[in-house]
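Q: Sequence and predicted structure, then a few things I'm wondering about:
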Amino acid sequence: MTNSISEVVDNDVIFVIGTNTTENHPVIGTQIKRAKAKGAKLIVAEPRRIELAEEADVFLQIKPGSNIALLNGMLNYIIENDLHDKEYIAERTENFEELKESVKSYTLERVAEICDVDKDDIAKAARMYAESDRAGIYYAMGITQHRTGTHNVIATSNLALACGNIGREFTGVNPLRGQNNVQGACDMGGLPADYSGYQKVFNEDVAQKFEKAWGVENLPREGGLTIPDMLDAIGDGSLRFLYIMGENPMVSDPDINHVKHALESIDFLVVQDIFLTETAELADVVLPAASFAEKDGTFTNTERRVQRVRKAIEPVGDSKPDWVILMEIMRRLGYDKFYKDPSKIMEEIASVTPQYGGISYERLENGGLQWPCPTKDHPGTKYLHKEKIARGKGLFHPVEHIGSAETKDEEYPFILTTGRILYHYHTRSMTGREEGLNKIAPSSFIEINKCTADKLGFKDGETIKVSSRRGSVDVVVKVTDIIDEDVVFMPFHYACGAANYLTGAALDPISKIPEYKVSAVKLEKVG
Amino acid sequence: MVKIEINDVTYDVPEDFTVLQACEQAGIDIPTLCNDDRLVAHAACRMCLVEVEGMRNLMTACSLKVSDGMKVKTHTPKVIEARRSVLDLLMSNHPNDCLTCEKSGECKLQDYCYEYGVERGSFVGERRDLPPDESNEFYDYDRNKCILCGRCVRVCEELQCTHALTIDNRGFGALADTPFRAGRAESTCVSCGNCVAVCPVGALLPKREKRIRAWDTKKVKTTCTYCGVGCQLELITHKGKVIGSKPVEQGEPNHGLLCVKGSYATDFINHEERLKTPLIRRNGVLEEASWNAAFDLIVSKIKETKEKYGSNSLGGFTSARCTNEDNYLFQKLFRAVIGTNNVDHCARL
Amino acid sequence: MRYVTLTIDGKKAVVPASYTILQAAEEVGIEIPALCYDPDLEIVGACRLCLVEIEGNPKLHTSCSMAVTDGMVVHTESEKVVHARKMVLQLLLDNHPNDCLTCQKAGECLLQKYAYMYDVKFREHDGAYKPEYTDTSSPYILKDEAKCILCHKCVRICEQVADRQVLTFANRGFETKVAFDADMSIEESSCVSCNRCVTICPVGALLDKRLMGKTRIWDGEVTEFKCKSCEYGCDFEVLSKNGKNVAVRAKSPGEGRPLCLKGRLTSEFLNLDDPETPYIKEDGKFIEASWEKALEIEGILDKLDKMDSKDAEQC
């Protein structure tokens, strides 16, 4: 998030796009509702009529995969009606003219047709967003999990920049991150081309800095493989050894049949987890890890706030904290660096990571710190780009609507979109072991519009077969009116009837994010 | 800033303060059952009554704004008598069962009765006698213990914005409940547990597998392990096991709120299916093994693969579920020790 | 030493032949509830809460007094045992004030602990109750007769110190009670306010009066320390609330020491932010005293004063 969670309640306009906030980030959901109760205007753009849509001033029930069209359309309307922030654009951005040209073709009429929404609603939303001084955009995987994911994000940022909504309090472009420490895993260099702090592996100065800090030579200068690339590399025999720590791609990754094939065929697979997950079952060695309750450490939340994780109980059984396991493997491989406890690792992180430079356990004792926090006396950063945009000037980068890789056709006449529900988390290895949650949300389901269900003769609660070009699953029908007649929705949490047997049509070529949100499927009666 | 005199000492306080806030700042403890800094002052419980010079009646400190020159007395005999009456009235319609009540030790009513020496309710008359609402999967509502402070209703309304609760009926019949007392399961309740977290008495309590007294538990402040909001919570432990959680009362980013997962999904931690020992696949079957054997095998495979096929034939998925320190060491292992940048995680999932 | 092997709740225990069942159970991690048992006191088998079932034995037996035998099979939580315990607890509660709301002992009371464990509650009945009598004559000890469960622990711990032996039983049957000397008030009696009896009372019948109303166990922190009054170092606790040390209490006597008032007052003086006025007994009356007098350091202070003024003159 460019801005902070605490700013949400003081927004005048909240633009929610591609996030079902009340279910996926419930506590931020409450803040959006509170802002609304205080008088803020709420714009919601989503393929489903989610809870927030019920309270929205404008609800745009867009088609999956039409985000760029909508955002460009709003931008075009704003520019045509002279609602953009000219002073801000002149002072703090560049390339506006090119952007202006590029969005010209996104007329309300054209966009209304692509998104399948009322053009007056688009105009209303655009005006509402542009006329406010305190307008924040909030998005999640509904924006990113498309083959145009990166461009979708750029489109939100173009809109925000044009209205002067970056670098000020109560505004911003705010991705809501799905997992407890997905921000931290990225910050720490859990990416193929980045050391901690997004320092690039191919940057010579950076590489030399890390060689010195770590006391090693010849750190690789070329970027590594992403997860989808690694899975492909197993297929062609170039990847022989895979170490999976705390992930369950056998449920969470697209096209599970492909994942399964890869993990079954690799030479050697290590899985480190707290449960024998679907992925761990395929491993050659399984290492028992301690859960978050059994170790010290830090998580970084969606607003860049680094917060302490504290050990409450001893590790269960013979399990060990992940960092202890990793330290031991390094030692046995001849790299003998001993950390007494995680605070010592944080000291090293702070010494090599500019954004974390001022972070220490001592300071975190009294509450979290938001990075960038470069020095010991820096108070942390509530919102980014305050004095100026980080790269100097905010760059408008024109992006075009190209649609999704798959569209509905005669054979696969429905668009499947996937997501989360309130009562489960990710692949359910944790929430699936909570009796109460399982009673409320026991199994996978597919949301189908009532008209569609009637037409196909499906009853609520009936098990049907859902198929895509990659696989098929049996799943229970949930008849609803919150979704369009040609769109269906499935949660991805469940290993049984897993939505991800169906997904995986395409990847974003830039971020390598899978297009989970759009797959063409067909629906059939079972047997 | 305004000047206000509390118990004969003058303090400078911001002009938008309530008398209660002024007292807090001055380190004077004013009892209250219904106040919550995050909520609109409610002045329902009457415990925070204070004497203000020039005012005929005792005033509720939670709802009275300070004004320049105001003179407040917080513990005069009149005030103490009033507070005792409030507690006496409450106890006269409250089960006297601290012996076995699950809230005992964390109950504000019990603590104030101790502090003010109110041993029992002295008013004889009708007592509320209603069945409990046990329809929620995660918590129970003992209607007979409700003291009508309204915190549950207001948290649900003002902060959680779920509007599942209301003060139903009026007068002696009044009760914090779901509309028409249809029960939690029939309401819009999303089981966030935020009402349970603020209940000052034993009316709203989490369902627990095992009954454990509050004073036998420990609490450890930590960060929630579910979504990216990073809510601050306390894990409640007993004899080395996690038995529940509750929100940290104040502070970023959640200000005392949690969702159903943060409040109630801690059973996995001590679940019997947790992996407790390393496993090694032998003849196609995963069998229990020692750490030493597991480490040896992994290390020899890393060396062998690297030698035969080069560093880039190894790769790792690090984890958005693990700590920063875990992630940092994971990428360091691959980059510095194995010598490949094949490190990624499920940021995109 | 001879060892015997027995089975307790399915667990095998190998213990010295001199052990009781209760000790053997402890050895294998099984807690048997007991109100009158204490490892440092003579065994009386009075409270009947530690009853267990022994296979082949029709009666329940008190595990605190029954010695182990080879091959013995014991059940500590069988239906029969639980039923008996519930009955014992119910009878105790029937003659005990429903007072946990404000009782100083709440949170540390064994009766409360076991009633909670076995889910036994107070009930209305029209039988007799003990007369409500509280002895408030001492500034250090409060005796609440209505709360006494007649476990004998106080009498037995007082008896252990030859020159004290203040506490005893008075009367018989329903009227039985714990008395100070010949049923005197605490003030009049020969009680030296060492609080040994208070440290061991399982309920709220004997309380540390200087603690009352200040804090309960869940309100704040409890920190153990050793008394510095003499080299034996009896165990004391300092109780703090909201970051302030509000009370000191005796926990248990040190090796070879009986606990004493002087030690307690020294500990209060050294540890409390705001120590209360001390009292000492003179001619059977508690009188307010200066700290110098209470800690018996008047002579020392006088001498120090004199030496100080001498030093000053010499300078």
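A: Great, that's in hand. Values in this document were obtained by computation on a predicted structure and should not be read as measured data. Numbers count the residues shown, from 1 in each chain, chains lettered A, B, ... in the order given.
Q: Close to chain B: what parts of the stretch 151-300 of chain C are there?
A: With the criterion set to CB under 8 Å from any CB of the partner chain, the stretch 151-300 of chain C comes near chain B through C:213, C:216-219, C:242. C-beta: built from backbone N, CA, C; applies to glycine.
Q: Which of these ranks first by neighbour count?
A: Neighbour counts for these peak at C:R216, which has 24 neighbours (criterion: other CB atoms under 10 Å in any protein chain shown).
Q: and which of the residues of the stretch 151-300 of chain C next to chain B is nearest C:P202?
A: The shortest approach to C:P202 among those belongs to C:I217, at 14.1 Å (CB to CB).
Q: what's the burial count for the closest residue to the closest one other than its chain neighbours?
A: In space, and not counting its chain neighbours, C:I217 is closest to C:G107: 3.8 Å by CB to CB, 6 or more residues apart in numbering or on different chains. Neighbour count for C:G107, taken as other CB under 10 Å: 20.
Q: again, but for the one 4 residues further on
A: Residues lying near C:L111 (other CB under 10 Å) number 25.
Q: Distance from the chain centre to the longest strand belonging to chain C, please.
A: Scanning chain C for the longest strand, with DSSP state E as the assignment, gives strand C:244-252. Distance of strand C:244-252 from the chain centroid (CA atoms, centre = their mean, to the nearest Å) equals 14 Å.
Q: Can you list the buried residues in the following helix or strand past it?
A: Toward the C-terminal end, the helix or strand that comes next after strand C:244-252 (DSSP states H and E) is helix C:261-271. By 16 or more other CB atoms under 10 Å in any protein chain shown, the buried positions in helix C:261-271 come out as C:261-268, C:271.
Q: now do stretch A:258-266
A: Buried residues in stretch A:258-266 (16+ other CB under 10 Å): A:258-260, A:262-263, A:266.
Q: From A:Y139, how far out is A:A155?
A: 10 Å (CB to CB, to the nearest Å).
Q: about what we covered before: in contact with the residue nearest to C:I217, which residues?
A: Taking CB atoms under 8 Å, 6 or more residues apart in numbering or on different chains, we find C:G107 in contact with B:104-105, B:213, B:215, C:216-218.
Q: swap the cut-off to 6 Å and go again
A: Shown in contact with C:G107 (CB atoms under 6 Å, 6 or more residues apart in numbering or on different chains): B:105, B:215, C:216-218.
Q: Which one of the buried residues of helix C:261-271 is nearest to chain A?
A: Nearest to chain A among the buried residues of helix C:261-271: C:N271, at 26.7 Å, using CB to the nearest CB.
Q: So, low pLDDT: which residues of the stretch 51-200 of chain C?
A: Nowhere does the stretch 51-200 of chain C drop to pLDDT under 70.
Q: Equivalent analysis for the stretch 51-200 of chain B, please.
A: For the stretch 51-200 of chain B (pLDDT under 70), the answer is none.
Q: Give me the number of neighbouring residues for residue 252.
A: As the question left the chain open, I've gone with chain A. A:S252 has 23 neighbours, counted by other CB under 10 Å.
Q: The intended chain is chain C.
A: Neighbours of C:S252 under the rule other CB under 10 Å: 16.
Q: does it really touch C:E237, like I thought?
A: No. When contacts are counted by CB atoms under 6 Å, C:S252 is not listed as touching C:E237 (9.8 Å).
Q: residues contacting A:I415?
A: A:64, A:408, A:487, A:518.
Q: Figure out the helix or strand that A:T298 lives in.
A: strand A:297-300.
Q: Would you show me how to pick out the buried ones of the contacts of A:I415 in ChimeraX?
A: Restricted to buried positions by 16+ other CB under 10 Å, the ChimeraX selection for the contacts of A:I415 reads:
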select /A:64,408,487,518
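Q: could you redo the contacts of A:I415 as JSON lines and give each row secondary structure?
A: Shown next, in JSON lines, are those (DSSP: H, G, I helix; E, B strand; the rest coil):
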{"residue": "A:P64", "secondary structure": "coil"}
{"residue": "A:K408", "secondary structure": "coil"}
{"residue": "A:V487", "secondary structure": "strand"}
{"residue": "A:V518", "secondary structure": "coil"}
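Q: Let me know the closest of the contacts of A:I415 to chain B.
A: A:V518 (14.8 Å).
Q: separation between the closest one and chain C?
A: Distance, A:V518 to chain C, by CB to the nearest CB, to the nearest Å: 55 Å.
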